[in-house]
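S.K.: From the sequence below, what's the structure:
(one chain, ligands or ions: 1)
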Amino acid sequence: MTGAASAQYPAVADEKFLPPDAIVERAYVQGLPAYRELYELSLSDPDSFWSEQAKTLTWQKKWPSPICKYNLDVGNGPVHIAWFDGAETNLAWNAVDRNVEAGLGDRVAFYWEGNDEGVERTVTYSELKSTVCRIANYLKSVGVKRGDDVTMYMSLVPELPAAMLACARIGAVHSVVFGGFSAEALADRILDSAPNVVITASGTMRGPKPIPLKTIVDEALHICEGKGHTVQHVLVLEQLPLSDVNGSMKPGRDVMWREAVDSQPDECPVEWMPAEAPLFKLYTSGSTGKPKGVLHTTGGYMVGAMVTTKFVFDIHPASDVYWCTADCGWITGHTYVTYGPLLLGATQVLFEGVPTWPDASRCWSIVDKYKVTIFYTAPTAIRALHAKGDAFVTRHSRSSLRLLGSVGEPINPEAWRWYYEVVGGGRCPIMDTWWQTETGAHMITPLPGVTPLKPGCATLPFFGVEPAVLDEKGNELQGPCEGMLVIKRPWPSMMRTVAGDHKRFEQTYFSAFKGYYFTGDGCRRDADGYYWITGRVDDVLNISGHRIGTAEVESALVSHPSCVEAAVVAVEHAIKGHSIYAFVTLMTGAEPSDELRKELISTVRRVIGPFAAPDVIHWAPGLPKTRSGKIMRRVLRKIASKEEDQLGDISTLADPSVVQQLVDLRGK
Ligand code: PRX
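M.R.: Next up, the predicted model:
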């Protein structure tokens, strides 16, 4: 998507929302001057800034100076980034044991709400420690060692973050795959990291719909076997009875959680890991090829997760109840469910379900039930709830709320205002956090006691983050401007490589503009120095806050025997932000029909997952291409959004008559 979203924002919004006194008084950073001073320090003396933050955590071995060693310039040799190199620590120790040792064992770590109302559990820090140790002992009993991969495919139950922490405890590398991905997509991810163990559950409900997780894992493992990788062990948490989701157990490979884990000892020593030891892989879509395994490492990620959670959400662990609605299958669930809040000893809500089930008041009834003070969600959820009307919100008190957050895509000012006025009652600042799977933690974001807010704007850089805006030629723009968003220096939680493909890492992020990390996003900087993210400038789609590569959807469509070529673009959608619009060219002899349309959509669901399904299939006898054969998506976007009167210059098209042909076929 190019900066399609930018049109909806004013160039400079004068309207500012100042933080209420009650927020400023208790904030860790009070006021813009204090922020600016600390921000300057974080850039001029990173050693002292980050040492000060890192020392609040436990390290088995301290780091030598300099705190960061790096090269981001492909012209100067391989790109490498190392933070706290030479130090040793353990994430699970810091997130769990450290809190128990500090006397917080009885503090609630998770209030878990299941998909269905009335299904709930409470997990204290001591209980979490026992569960983490038991899972870690199970993993050791099946031969998992430091550096080994473990894949997880589950819904958001407390066992999921516990399993992630169990890996971290013994130095294994977790790879969580969102439970909405299809068997084929799961198989791709398993094949890439080649784990011996997969952790899953029998099945669960998402809203009113059963999700047969174990059966999907079986299918994925069958695909993997056909491609030469056999997973030795599958650990199955029994949620729905296995028979209810037509699941079965394979003797010798599959074990039930209660048999394999519950009987394990509840103590397990931690492995002290080098700061640069891999912590996890998380697969995400790029503009080309298969999803890539974004690799994050231990020390820098830990510090980045802790520091951003602390400052951006201004968490005071003894009194706050924090709730991030993200699933652990996405980066937000990694950093702002599993790691950040636990590193601070905070109490949080874990919610397995969806915000509209059983109705649109579910979130607010959970807020009241647990007296949630900090609520963090995605614009797509906000828009979906807004569409249902205010009554679902206002029938609950929400008086405990003091801070709101948004992540995943640009939040349109209308949704922002509704979130602010109706959900937050006009008293809760909204932290519109811009970041990415690759960045590991918040990058551009307001701070509660600091930043005057503008609806729809991610505002100012976090400590240690030095953004710049470039024009297409790579020149740095000054002052108010619009261009490509890059980052000029490394930050602790930055990804270190693409698992198994360092060249792809260098090519994707460091080859477009030498010496800079290229985000793939466009942005505008206004006269106040605020950053407005305008959306992706590469071929990555953002649908309901989920990242999907155009190439992935196109290759799924082309895998259908009747499809010879496909091109997908994003069009605006009231709830999802954008939806997928696919132009499909059929094989000679294949005829367009409603049935074929359904088959094509279900092919995408099967190959990637339901969330990647196109909303529209537009039959295309030909696609607009340049003479060198490049598809002109700009033209397709205009046709899809009925703006063919604004096509601009199409003289470079190999066959301009294709355009009229496509316009005539719209809606057919
Ligand atoms: O385009 C930006 C958008 O989401 C992309 C990153 O997607 P992903 O790696 O899946 O991570 C999502 C959760 C961090 C970015 O390149 N994005 C994320 N947050 C925002 C955003 N766009 C505008 N405003 C945001 N707050």
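S.K.: Just the buried residues of the longest helix belonging to the chain, please?
M.R.: If you go by DSSP state H, the chain has its longest helix at helix 125-141. Buried residues in helix 125-141, counted by 16 or more other CB atoms under 10 Å: 125-140. Where you see a C-beta, it was placed from the backbone N, CA and C, and this is true even at glycine.
S.K.: for stretch 77-91, same thing?
M.R.: Neighbour-count burial for stretch 77-91 [16+ other CB under 10 Å]: 79, 81-85, 87-91.
S.K.: rewinding a little: counting contacts, what elements does the longest helix of the chain pack onto?
M.R.: strand 108-113, helix 159-170 (3 or more CB pairs under 8 Å, 6 or more residues apart in numbering; DSSP states H and E).
S.K.: repeat that for 10 Å
M.R.: helix 91-92, helix 98-99, strand 108-113, strand 120-124, helix 159-170, strand 197-201, strand 233-237, helix 257-260 (3 or more CB pairs under 10 Å, 6 or more residues apart in numbering; DSSP states H and E).
S.K.: now, the most widely separated pair of the buried residues of helix 125-141?
M.R.: The distance between the two most remote of these (CB to CB) is 22.3 Å, for 125 and 140.
S.K.: residues from the stretch 251-400 of the chain in reach of the ligand?
M.R.: 284, 331-332 (CB under 6 Å from any ligand atom).
S.K.: Please indicate which of these has the highest neighbour count?
M.R.: residue 331 (26 neighbours; other CB atoms under 10 Å).
S.K.: So what does it look like in phi/psi?
M.R.: Backbone torsions of residue 331, given as degrees, to the nearest 10, read phi -60, psi -30.
S.K.: per-residue confidence at it?
M.R.: Model confidence at residue 331, given as pLDDT, is 97.
S.K.: Same check on residue 1?
M.R.: 27.
S.K.: Sort out for me which of the buried residues of stretch 77-91 are in strands.
M.R.: Applying DSSP state E to those, the entries found in strands are 81-83, 88-89.
S.K.: Now do the helices in the stretch 551-668 of the chain.
M.R.: 594-607, 633-640, 657-665 (DSSP state H, counting those that start in this stretch).
S.K.: would you put the C-alpha positions of the second one in PDB?
M.R.: What follows is the C-alpha trace of helix 633-640 in PDB, where atoms were taken according to Å, rounded to 0.1, in the frame of the first residue of the first chain:
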ATOM      1  CA  ARG A 633      -0.600  -1.800  -8.600                       C
ATOM      2  CA  ARG A 634      -1.200   1.900  -8.500                       C
ATOM      3  CA  VAL A 635      -3.500   1.500 -11.400                       C
ATOM      4  CA  LEU A 636      -5.200  -1.500  -9.900                       C
ATOM      5  CA  ARG A 637      -5.800   0.400  -6.600                       C
ATOM      6  CA  LYS A 638      -7.500   3.200  -8.500                       C
ATOM      7  CA  ILE A 639      -9.800   0.700 -10.400                       C
ATOM      8  CA  ALA A 640     -10.600  -1.200  -7.200                       C
END
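S.K.: Just say helix, strand or coil for the residue of the stretch 301-450 of the chain found nearest the ligand.
M.R.: Per CB to the nearest ligand atom, residue 437 is where the stretch 301-450 of the chain lies closest to the ligand, at 3.4 Å. Using DSSP: H, G, I helix; E, B strand; the rest coil, the structure places residue 437 in coil.
S.K.: let's have the chain start at 326 instead
M.R.: New numbering, starting at 326: the last item is residue 762.
S.K.: Could you check how far it is from residue 987?
M.R.: Separation of residue 762 from residue 987 (CB to CB, to the nearest Å): 34 Å.
S.K.: Mind checking which of those two has more residues around it?
M.R.: Looking at residue 762 and residue 987 with other CB under 10 Å, you find the greater number of neighbours at residue 987, namely 22 against 19.
S.K.: Quick check: nearest residue in space to that one, chain neighbours excluded?
M.R.: residue 964 (5.1 Å; CB to CB, 6 or more residues apart in numbering).
S.K.: re earlier: now the angle between strand 558-562 and the longest helix of the chain, please.
M.R.: 150 degrees (axes from the mean of the first three to the mean of the last three CA atoms, to 10 degrees).
S.K.: partners of the next helix-or-strand element following helix 450-466, with directions?
M.R.: From helix 450-466 onward toward the C-terminus, using DSSP states H and E, the following helix or strand is strand 474-478. Strand pairing for strand 474-478, determined by DSSP bridges: strand 498-501 (parallel), strand 522-526 (parallel).
S.K.: Buried ones in strand 474-478, by neighbour count?
M.R.: 474-478.
S.K.: what do you get for stretch 382-394?
M.R.: For stretch 382-394, using 16+ other CB under 10 Å, the buried residues are 382, 384, 388, 392-393.
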